[in-house]
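Peer 1: sequence and computational prediction follow.
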2 protein chains.
Amino acid sequence: MTQATTDTPFRQVAVVGVGLLGASLGLALKRRGLAQHIIGVGRVGSPALRIALERQAIDAGATDLLTAVADCDLVVLCTPVRQVLAQLRVIAGALAPGALVTDVGSTKRVIVEQAREVMPAQAVFVGAHPMAGSEKRGPEHARAELFDDALCLICPDTHTPGAAVARIEALWRGVGMRTHCMPAGLHDRWVALVSHLPHAVATSLVLAAQAQPEALRAAAGGFVDTTRIAAGDIDMWLDILLTNRDEVGAAIGELQAHLGRLRAALADSDEGALRTHLAQAKAARDAFMKARQA
Amino acid sequence: MTQATTDTPFRQVAVVGVGLLGASLGLALKRRGLAQHIIGVGRVGSPALRIALERQAIDAGATDLLTAVADCDLVVLCTPVRQVLAQLRVIAGALAPGALVTDVGSTKRVIVEQAREVMPAQAVFVGAHPMAGSEKRGPEHARAELFDDALCLICPDTHTPGAAVARIEALWRGVGMRTHCMPAGLHDRWVALVSHLPHAVATSLVLAAQAQPEALRAAAGGFVDTTRIAAGDIDMWLDILLTNRDEVGAAIGELQAHLGRLRAALADSDEGALRTHLAQAKAARDAFMKARQA
């Protein structure tokens, strides 16, 4: 990656999907002068395009994906994972020579595999996972600072040209992110443990509490924090779980093993085992936060 | 409960344990003029008493529990649950006629049972669980506002005189809390689901992520929030788990059932079951937050 790639703005960018991430990306690209013209692509009849236009996150709105991407040198797919899969197939034949395509999908293996299969020779796909977001949805909550200092995981395929990877890395750095390149399969294993498993757990905690609905009257900060992400978008999370089901299943198994041991220690009043569980978890959590703040 | 009970300050109060909760209680009692003289009781050689004195959370420090409580009309045990059990036994014979005793323990059944067994006829114990706190420890983090607007669950025994319950309710309301009276057994079931299970899960999430320590580089807000409480005090949580082991075990079982169904749905790519899981959890979480904010 050279500095030059950061400084060269894209001429015409299609942001496909103008929800929280897509509209925030539009705002961030404009703030940094990284795009001359941004076309937002949305659904017919959805208010998202109008809101994104009003907020000046995009310069123009379009509902026909094929037409919108035809003259772009950058296409960013900001839709749930299974829509990214479908859209890659749709746009493949319409991309301009030299076009770059990236995405914001939270799982990467199936997307990189799909791109390998359908992308034409004259364009390049470099998958990305900007780890920024909120349980709030929609362009009305978009902000240019959404990506600042957050991590963007970038998953080139084995054959991806280095120059294209560098340009996509520069794009995400340009909107404020730190970047890290890694294989899609490892990406999916990592996020299964630190993102998808917490979601599976947060939703399950909410459902478990329904065993005694009145108990929610006693719920305090601990419950609020551990279940916050259970409020996330259903369609987005359905796609994530379905496209990373092996790794999420394995991660749930990992957690179940710890919970099983904890339950056995409780049944046996095994003070030593309980103390070890609490002490190891606290030490690892404290070390994690220390590393994060450094 | 009558308003009069709120307005009558206690003459001499022993706050046993001057950590975050004890020292905050001292500050709150003084702010509201609810105590004429506060004796903090701490361990020999611990800096907590000195810090609590410097912060004027207490008027005097003592290390001998028996002497400290002898002339008090209120004793508040602000120690981990198993210390509360031991201290109830120690102070029983030394309490002044008419003395009230309360506590801040996060489990209530074993404490109420212990009080029933050891409390003398001339004093009354009314167990309390002020649901306020932080993963930060010690009197250096104490603040008078810690209890404001939080819920205090109060667990009288079947024979507890109504006037004593009213005076203890007035005490916790006096420092800013909402109060709710309930049987100790039901209290322990509620908090198992909404507090102790989240702790078991947060700690287990941290340990599960250790399967792939590098993955923590990709941990973002979701992981930070779901695991925040894993940083909590080890001794406090050990006592909580050991003194509520049946209910916590049952709550873990409840969660494991949901996780097991989720894992099966992933293995089967059962989109309907996954969507139902996500949608029911989001609906319940959204309803919970709406009720909480109302």
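Peer 2: Thanks, I have the structure now.
Peer 1: looking at it, A:Thr243 is touching A:Val81, isn't it?
Peer 2: Yes: the pair A:Thr243 and A:Val81 passes the contact test of CB atoms under 8 Å, sitting 4.8 Å apart. Any C-beta I mention is one placed from the backbone N, CA and C, and that applies to glycine too.
Peer 1: so what sits against both of those two?
Peer 2: Taking CB atoms under 8 Å, 6 or more residues apart in numbering or on different chains as the contact definition, A:Thr243 and A:Val81 share the neighbouring residues A:107, A:110-111.
Peer 1: put the alpha carbons of stretch A:71-91 into PDB.
Peer 2: What follows is stretch A:71-91 as a C-alpha-only set of coordinates in PDB (Å, rounded to 0.1, in the frame of the first residue of the first chain):
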ATOM      1  CA  ASP A  71     -20.000   3.200 -15.100                       C
ATOM      2  CA  CYS A  72     -18.500   3.000 -11.600                       C
ATOM      3  CA  ASP A  73     -14.900   2.400 -10.700                       C
ATOM      4  CA  LEU A  74     -15.900   1.300  -7.200                       C
ATOM      5  CA  VAL A  75     -18.900  -0.700  -6.100                       C
ATOM      6  CA  VAL A  76     -19.500  -1.200  -2.300                       C
ATOM      7  CA  LEU A  77     -22.200  -3.800  -1.400                       C
ATOM      8  CA  CYS A  78     -23.700  -2.700   1.900                       C
ATOM      9  CA  THR A  79     -26.400  -5.300   2.200                       C
ATOM     10  CA  PRO A  80     -27.000  -8.400   4.300                       C
ATOM     11  CA  VAL A  81     -24.700 -11.300   3.400                       C
ATOM     12  CA  ARG A  82     -27.100 -13.300   1.300                       C
ATOM     13  CA  GLN A  83     -28.000 -10.200  -0.700                       C
ATOM     14  CA  VAL A  84     -24.300  -9.600  -1.300                       C
ATOM     15  CA  LEU A  85     -24.100 -13.200  -2.800                       C
ATOM     16  CA  ALA A  86     -27.100 -12.500  -5.100                       C
ATOM     17  CA  GLN A  87     -25.800  -9.000  -6.000                       C
ATOM     18  CA  LEU A  88     -22.400 -10.200  -6.900                       C
ATOM     19  CA  ARG A  89     -24.000 -12.600  -9.500                       C
ATOM     20  CA  VAL A  90     -26.200  -9.800 -10.800                       C
ATOM     21  CA  ILE A  91     -23.500  -7.100 -11.300                       C
END
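Peer 1: how about the strands in the stretch 51-200 of chain A?
Peer 2: In chain order, the stretch 51-200 of chain A shows strands spanning A:60-62, A:74-77, A:100-103, A:124-125, A:127-130, A:151-155, A:178-181, with DSSP state E, counting those that start in this stretch as the criterion.
Peer 1: so for chain B, which of these sits nearest?
Peer 2: Among the strands of the stretch 51-200 of chain A, strand A:151-155 comes nearest to chain B, with 6.2 Å by CB to the nearest CB.
Peer 1: other residues contacting that closest one?
Peer 2: Everything outside strand A:151-155 that qualifies as a contact, by CB under 8 Å, 6+ apart, is A:108, A:112, A:126-131, A:165, A:168-169, A:172-173, A:177-184, A:187, A:190-191, B:217-218, B:220.
Peer 1: check stretch A:210-228 too.
Peer 2: For stretch A:210-228, the surrounding residues in contact (CB under 8 Å, 6+ apart) are A:135, A:201-203, A:205-206, A:209, B:131-132, B:150-151, B:153, B:180, B:187, B:189-191, B:193-195, B:198-199, B:201-202, B:222, B:225-226, B:228-229, B:254, B:284-285, B:288-289, B:291-292.
Peer 1: now do stretch A:271-284: distance to the chain's middle.
Peer 2: Centroid separation between stretch A:271-284 and its chain, computed with CA atoms, centre = their mean, to the nearest Å, is 32 Å.
Peer 1: point out where the stretch 101-250 of chain A drops to low pLDDT.
Peer 2: Applying pLDDT under 70 to the stretch 101-250 of chain A flags residues A:135.
Peer 1: follow-up on the earlier one: of the shared contacts of A:Thr243 and A:Val81, list those near chain B.
Peer 2: The subset of the shared contacts of A:Thr243 and A:Val81 within reach of chain B, by CB under 8 Å from any CB of the partner chain, is empty.
Peer 1: in JSON lines: those residues, plus neighbour count.
Peer 2: Conversion of the shared contacts of A:Thr243 and A:Val81 to JSON lines gives the following (neighbours: other CB atoms under 10 Å in any protein chain shown):
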{"residue": "A:Thr107", "neighbour count": "29"}
{"residue": "A:Val110", "neighbour count": "19"}
{"residue": "A:Ile111", "neighbour count": "26"}
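Peer 1: between those residues, which is closest to B:Leu27?
Peer 2: Distance to B:Leu27, by CB to CB, is smallest for A:Thr107 among these, at 49.1 Å.
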